[in-house]
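K.L.:
Here is a sequence together with a model predicted from it:
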Amino acid sequence: MDNIVKYPDKFLYKPTEEVWLPLNEDHKTLIKDMIEAMYTNNGIGLAANQIGSSSKIFVMDVSNEKNNPQVFINPKIKKEAKEKLTDEEGCLSCPGKLANVRRPIYVGLEWICQHGKLQYKTFYHLPARVVQHEMDHLNGKLCIDYA
């Protein structure tokens, strides 16, 4: 299943829209498709607009086993570290391109889980980088824009 929207498609630069709750069947299907696309393409995160949806949703799985997908609906970064780290990032929408991106080493994120409950967690290191990378997608920005 390679339905990943690729750069320079203009759709990737369009900010996503808040999702109305409760989730409808289309959103449940979208989330399943996103998780499948993330795993199929060996990704560790995927935003809805990367598979052609304008919904403000991203999925992430940074586990070694690739069996712990997390779903983030209407996410908002509430706090971030002052300390930043530059690291190389790749993107399923920009195959073969890497960019050095400077990001805060942790972020506090608020989101709705797929069961409709409000969540809050502070993410550190790689998960924090993935959260910020996917948040950029939801806001219409790509990691290669930092280059």
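P.N.:
Yes, it's here. Numbers count the residues shown, from 1 in each chain.
K.L.:
CA atoms for contacts and neighbours, from now on please.
P.N.:
Will do.
K.L.:
roughly how far out does the longest strand belonging to the chain sit from the chain middle?
P.N.:
Ranked by number of residues, the top strand in the chain under DSSP state E is strand 70-80. Strand 70-80 sits 9 Å away from the centroid of its parent chain (CA atoms, centre = their mean, to the nearest Å).
K.L.:
Next: stretch 44-54.
P.N.:
Worked out by CA atoms, centre = their mean, stretch 44-54 lies 7 Å from the chain centre.
K.L.:
And stretch 131-147, by the same measure?
P.N.:
On CA atoms, centre = their mean, the centre of stretch 131-147 falls 9 Å from that of its chain.
K.L.:
mind checking the longest helix of this protein?
P.N.:
helix 25-40 (DSSP state H).
K.L.:
tell me the mean pLDDT over that helix?
P.N.:
Mean per-residue pLDDT for helix 25-40: 96.
K.L.:
Can you identify the element that follows it toward the C-terminus?
P.N.:
strand 45-47 (DSSP states H and E).
K.L.:
what's the nearest residue to K97 if we skip its chain neighbours?
P.N.:
G90 (6.3 Å; CA to CA, 6 or more residues apart in numbering).
K.L.:
how about the one you found, phi and psi?
P.N.:
For G90, the backbone dihedrals (degrees, to the nearest 10) come out as phi -110, psi 170.
K.L.:
in this structure, what spans have low per-residue confidence?
P.N.:
1-2 (pLDDT under 70).
K.L.:
Where do the helices of it begin and end?
P.N.:
Under DSSP H, the chain gives helices at 25-40, 125-138.
K.L.:
So what's the gap between the longest helix of the chain and the chain middle?
P.N.:
For helix 25-40 - counting by CA atoms, centre = their mean - the centre lies 13 Å from the chain centre.
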